[in-house]
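**Q** One predicted model, sequence on top.
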Amino acid sequence: MKQNTRVIIVAMTEQRLIGASGHIPWQIQEELRLFRELTSGHTLIMGRHTYASIGRPLPDRRTIVVSRQLPPTPGIEICPDVSSALRLAESAAGKIFFAGGVEIYRAALPLADELSISWIRGDYTGDTYFPPFASSDWRAVSERDYGLFCHVLYRRN
């Protein structure tokens, strides 16, 4: 049986900023469209706070939320930890996207096959940062400039 490709998907600045008080510090419609395009038809794994910031299950995607507190909620599946979320996600075909927040990203870094990063241009302030990672573990396989951001797909070496 072929293993699902495990992808961390994130938008961040050069300083690795990803959030400000539970929200995304920028509003870039083209980046949100790219997120939808890349993840549609696949599985998303996210933390409770990330899910709360979105506020609803995203259409055309299986959504698994890692939480020990969230009550059963229509349109999402709930798992107590990342490993059980991953086991559940692997029961379906398609890619598995780790979509935040920081603790999900931290747990996913050693598990991921790919990093799908939208490098946001500009100066933003916030309080939440993507965990440090060794860039030497990854190689860029594609890059596309969108003006306000540059999307780079990395594969593990």
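**A** Structure received. Numbers count the residues shown, from 1 in each chain.

**Q** Tell me who's in contact with the residue most central in space within the chain.
**A** Among the residues of the chain, the one closest to the centroid is Ala99, at 2.1 Å (Cα atoms, centre = their mean). Contact analysis of Ala99 by Cβ atoms under 8 Å, 6 or more residues apart in numbering lists Ile9, Val10, Thr39, Leu44, Ile45, Met46, Thr50. C-beta: built from backbone N, CA, C; applies to glycine.

**Q** Which pLDDT value goes with it?
**A** Looking at Ala99, its pLDDT is 98.

**Q** where's it relative to Asp145, distance?
**A** Taking Cβ to Cβ, to the nearest Å as the measure, Ala99 falls 23 Å from Asp145.

**Q** what residue ranges in this structure score low on pLDDT?
**A** The chain contains residues with pLDDT under 70 at 1-2.

**Q** could you pull out the helices for the protein?
**A** Ranges of helices within the chain are 29-39, 48-54, 82-89, 102-108, based on DSSP state H.

**Q** what distance separates the longest one from the middle of the whole chain?
**A** Yep, that's helix 29-39 we're talking about. Put simply, helix 29-39 sits 12 Å off its chain's centre (Cα atoms, centre = their mean, to the nearest Å).

**Q** for the last one, same thing?
**A** Once both centres are worked out by Cα atoms, centre = their mean, helix 102-108 turns out to sit 9 Å from its chain's centre.

**Q** Would you mind pulling up the elements that that helix packs against?
**A** strand 6-13, strand 43-47, helix 82-89, strand 96-98 (3 or more Cβ pairs under 8 Å, 6 or more residues apart in numbering; DSSP states H and E).

**Q** Please apply the same query to the second one.
**A** If contacts are counted by 3+ Cβ pairs under 8 Å, 6+ apart, helix 48-54 sits against strand 62-66.

**Q** cool, the third one as well?
**A** Applying 3+ Cβ pairs under 8 Å, 6+ apart, we find helix 82-89 packed against strand 43-47, strand 62-66, strand 77-79, helix 102-108.

**Q** partners of the third one in the sheet?
**A** Strand 77-79 sits in its sheet next to strand 62-66 (parallel), going by DSSP bridges.
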